[in-house]
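>>> Here is a sequence together with a model predicted from it:
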Amino acid sequence: MLTYSRFVKILALALILIASVVGFSPGASFGLSYSQLPDPRPQSWVYDGADILNEKAEAEINQIVQQLRPRAEVMVVTLEQARPEANDLATQLFNSWRIGTEVAQNGILFLTAKSDRRTVIRTGIGIARRLSDAKAKQIIDQEILPSFRQQNYEAGILSGLKAIVNSLQEQPFTFPGHITGISFGIALLLFSGSATAAIKLLYQPTAILPTYDPNLENTQLKTKSSLLHCLVWLASFALLYLSWTLLLPLQPVILILLAVASTFVSKLVTPLLLKQSPYQCQTCGAPINRLAQIDHLLTPAEKTAKALKSTGFEVLYCPKCSDSSQRAKVNLRKSRLKSPYVECEICEELTAKETVKVTVNATYDHPGELKHHKTCLCCDHETFWTTSIAQLVYTESSSFGGSYSTSDSDSSSGGSSDGGGASGDW
């Protein structure tokens, strides 16, 4: 006889069996939280939890997304039911899966909850200017929902995905989120103004003496060099600023990096520009020429330094006041170049090469010793000397056999979303 307690046990067993079948069915996602949804990448850009896409549609979606990369990353997700609400779930899932790249923030999540009759397009921070919230809403209303209302989910998802791709490829010009029209105009004006002033200053002749006098400093040339450094820095910073903000989101730390990069560009470019700047004779006003063949004016040590590329030489002369055949009648200028060579005490030029060898290793009981050997490649003069290495000192970490470090930071990287995009119901 079927008693009441036996009936309750049978009913409970049946409910448990039904729940297990529904909960673990690979084709159904009923109310799963974002943390329970598996990321299908890198095998696929589609998670079809609602089982509404056939293999051909999934293959076409993967092909479209793969061709779109690295400009953007699109994830297509279908669920039978969204828990929490689809808009909140889309943001949580986007940030959990970290769709897009960390630098460009170019991820897009296309989520459809079948039973909720809701679809969501969630955009990353960096791609919002190419796929605005208004454009995402337009795609949902015009490309996706008409097919969904006829229960043709494959056509709606493919049509919406293609509309997203077309929107990204059009790339209508809009100012990025971190730059306004006013700041863009100021940066553009700064670049054009500083570049124009630098060109004008560059081609303005600088008055110099026809012969070089180390006791007289050419203040005009020094002032011109300083001004040109500033103008090149401003032009470089404005150009880098404009280029970065048009391609990627601007962050405060980026301004520091752009300033450092502009300083490097200024130090590298300004000396090259100054070499092309014209000169005029301070005595007679005639144009100053640069002498191409200068070896006959150099000493043997200077020729060696020139061959080693440790020193740069430039000879300027006035056709009226100078004599290019005599060293004393021309303006010979030297510039130190980046090289491994050091100065020789005899030649007084960068013609010596120095080697260092450890002769005694430093220990905890006594200091070490370095032996230096410098040889001039011009006069063969040799110099030897020694320096000491500091004695090793016991520290707390060395007493206990070393040190270690731990880190709980998450090494993963990827995109994030602040909730941009749109949603629609059918």
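All right, it came through fine.
>>> dump the residue contacts of the nearest residue to residue 233 once chain neighbours are set aside.
Using C-beta to C-beta, 6 or more residues apart in numbering and skipping the chain neighbours, the partner closest in space to residue 233 is residue 266 (4.2 Å). Quick note: C-beta positions are derived from backbone N, CA and C, even for glycine. Contact criterion C-beta atoms under 8 Å, 6 or more residues apart in numbering gives 229, 232-233, 236 as the residues in contact with residue 266.
>>> State the helix or strand in which residue 266 lies.
According to DSSP states H and E, residue 266 maps onto helix 252-275.
>>> Equivalent analysis for residue 59, please.
helix 55-68.
>>> Okay, and the beta partners of residue 369?
For residue 369, the beta-bridge partners under DSSP bridges are residue 360, residue 388.
>>> I'd guessed it sits against residue 386; true?
Yes: in this structure, residue 369 is within contact of residue 386 by C-beta atoms under 8 Å, at 5.7 Å.
>>> Find the residues that touch each one of those two.
residue 359.
>>> These two - which one has more neighbours?
residue 369 (15 against 10; other C-beta atoms under 10 Å).
>>> residues contacting residue 78?
With C-beta under 8 Å, 6+ apart, residue 78 has these contacts: 47-53, 111-114, 153, 157.
>>> just those residues now: which is nearest residue 378?
residue 47 (72.8 Å; C-beta to C-beta).
>>> Would you mind giving me the confidence score for that closest one?
In this model, residue 47 is scored at 91, pLDDT.
>>> For my notes, confirm it occurs in a strand.
Yes: per DSSP: H, G, I helix; E, B strand; the rest coil, residue 47 lies within a strand segment.
>>> Am I right that it is in contact with residue 40?
Yes: Residue 47 lies in contact with residue 40 (C-beta under 8 Å); the separation is 5.0 Å.
>>> Looking at the two, which one has more neighbours?
The neighbour count for residue 47 versus residue 40, taken as other C-beta under 10 Å, is higher for residue 47 (22 against 17).
>>> Quick check: beta-bridge partners of the more buried one?
Residues in beta-bridge contact with residue 47 (DSSP bridges): residue 77.
>>> okay if I get the contacts of residue 266 as TSV plus secondary structure?
Formatted as TSV, those follow (three-state DSSP):
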residue	secondary structure
229	helix
232	helix
233	helix
236	helix
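>>> ok, the residues you listed vs residue 161, which is closest?
Looking across the contacts of residue 266 and measuring by C-beta to C-beta, the closest to residue 161 is residue 236, at 40.8 Å.
>>> Let me know how buried that closest one is, in neighbour terms.
There are 23 residues near residue 236, going by other C-beta under 10 Å.
>>> Tell me how far it lies from residue 196.
For residue 236, the distance to residue 196 equals 15 Å [C-beta to C-beta, to the nearest Å].
>>> now swap in residue 361 and tell me
Distance from residue 361 to residue 196, by C-beta to C-beta: 60 Å.
>>> same thing with residue 45?
48 Å.
>>> The two: who's more crowded?
In terms of neighbours (other C-beta under 10 Å), residue 45 is the more surrounded of residue 45 and residue 196; the figures are 24 against 12.
>>> Show the contacting residues for that one.
Per C-beta under 8 Å, 6+ apart, neighbours of residue 45: 61-62, 65-66, 73-76.
>>> Of those residues, which is the nearest to residue 351?
Closest to residue 351, out of all of the contacts of residue 45 and judged by C-beta to C-beta, is residue 73, at 57.4 Å.
>>> and the closest one, backbone torsions?
Backbone geometry at residue 73, expressed as degrees, to the nearest 10, gives phi -120, psi 130.
>>> quick one, what contacts it?
Taking C-beta under 8 Å, 6+ apart as the definition, contacts of residue 73 comprise 45, 65, 99-101, 106-108, 415.
>>> Most neighbours among those residues, which one?
Result: residue 108 is most packed of these (other C-beta under 10 Å), 30 neighbours.
>>> Show me the beta-bridge partners of that one.
Residues in beta-bridge contact with residue 108 (DSSP bridges): residue 74, residue 123.
>>> ok, it - contacts?
So residue 108 contacts 72-75, 99-100, 121-124, 127, 131, 164, 421 (C-beta under 8 Å, 6+ apart).
>>> And the pLDDT at the residue sitting nearest the centre point of the chain?
Centroid-nearest residue in the chain: residue 103, 8.0 Å away (criterion: C-alpha atoms, centre = their mean). Looking at residue 103, its pLDDT is 79.
>>> and residue 378, backbone torsions?
According to degrees, to the nearest 10, residue 378 has phi -110, psi -50.
>>> Now do the strands in the stretch 101-250 of the chain.
107-113, 118-123, 206-208 (DSSP state E, counting those that start in this stretch).
>>> Against which helices or strands is the shortest one packed?
Yep, that's strand 206-208 we're talking about. helix 219-247, strand 279-281 (3 or more C-beta pairs under 8 Å, 6 or more residues apart in numbering; DSSP states H and E).
>>> need the next SSE after the shortest one, C-terminal direction.
Under the assignment DSSP H and E, the closest C-terminal helix or strand after strand 279-281 is strand 287-290.
>>> Which residues in that next one does the neighbour count mark as buried?
Buried residues in strand 287-290, counting neighbours by 16 or more other C-beta atoms under 10 Å, are found at 288-289.
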